[in-house]
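Prediction below, plus the sequence it came from.
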Amino acid sequence: MANPLDEMLRTHVAPVLTGAGYRRSGRVYRFAAPNGDLAVIEFPARVLSRDYVDFAVTTGVAPTPAVDWIRRKAETMDSQAPGLECRLIRVDLTPPRRWWRGVGTPDMDQHWGFKKDDGGDQCGIELAGLLADQVVPTLRRLLDRQELLAEVRNPRLGDKASLNFGKELAEIVMLVDHGPTPDLEELLESREAANPQDELASWARRRLASRAAAG
């Protein structure tokens, strides 16, 4: 018997996301920009009740420098496609109240669910529409590194998005592939003044040197 969550995703969500250029791997969908940066959307299952199909909608953008920073010591992961563990920013999708299965309020605990006996069609239709109208355009915008850097510095999405790193770390990660700049140098010097062995600053300077040597 087909899993109800997988059936709902296959029927309603997959056509929207694959139509927007995403590639599916199980319940994970990835869209790759030409520079290798990724938009990622996942639908992990939750087990809360025998009567409901419970799941989350988790999304984000994983720029290549963020992936490299997070995986700097994890050589065994290089062959695995990055997921949301590598995202720099998370973008939330608040469920409509009738599909909300969280604790507190929908904007705080953004878990979804539908009754097993209804097949999930109405939930899937509404979820697919929200993904098409809200999530896909937002992630596509944030795949532009200048747009993402602007969001890091001056958030436009408010409580609909949050950084996976601190703001300073996120800025360094976003600036490092632009080559030496006054903004980046100021951030690195500040960290090195506080700790000459700062790991992030050392990683950024190695990356700058490597890219300069590669031309």
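Good, I have the coordinates. Numbers count the residues shown, from 1 in each chain.

all contacts plus neighbour counts: C-alpha atoms, from now on.
OK.

now residue 113: how far from residue 171?
Distance of residue 113 to residue 171, given as Cα to Cα, to the nearest Å: 36 Å.

meant to ask about residue 129
On the measure of Cα to Cα, residue 129 and residue 171 end up 32 Å apart.

just residue 165 next, same as before
Relative to residue 171, and taking Cα to Cα, residue 165 is found at 9 Å.

From what I see, residue 89 and residue 163 are in contact.
Yes - using Cα atoms under 8 Å, residue 89 is in contact with residue 163, at 4.4 Å.

Count the residues that sit near residue 173.
25 (other Cα atoms under 10 Å).

more neighbours, residue 113 and residue 171?
residue 113 (24 against 19).

residues touching the residue most central in space within the chain, list them.
Against the mean C-alpha coordinate of the chain, by Cα atoms, centre = their mean, the closest residue is residue 60 at 1.5 Å. With contact set as Cα atoms under 8 Å, 6 or more residues apart in numbering, residue 60 has these partners: 39, 40, 41, 84, 87, 88, 89, 90, 91, 139.

out of these, who's nearest residue 153?
residue 89 (12.2 Å; Cα to Cα).

check contacts around that closest one.
60, 61, 62, 161, 162, 163, 164, 165.

Enumerate residues external to stretch 23-43 that contact any of its residues.
For stretch 23-43, using Cα under 8 Å, 6+ apart, the contacting residues are 6, 9, 14, 17-18, 21-22, 44, 55-64, 83-84, 139-140, 143.

Lowest-scoring secondary structure element of the chain by mean pLDDT?
Counting by mean pLDDT, DSSP states H and E, the chain has its least confident helix or strand at strand 45-46, which shows a mean of 86.

Quick check: residue 92 vs residue 157, distance?
For residue 92 relative to residue 157 (Cα to Cα), the value is 10 Å.

no wait, residue 151
From residue 151 across to residue 157, the span is 8 Å (Cα to Cα).

Looking at those two, which is more packed in?
Neighbour totals were compared for residue 151 and residue 157, and residue 151 leads with 18 against 12 (other Cα under 10 Å).
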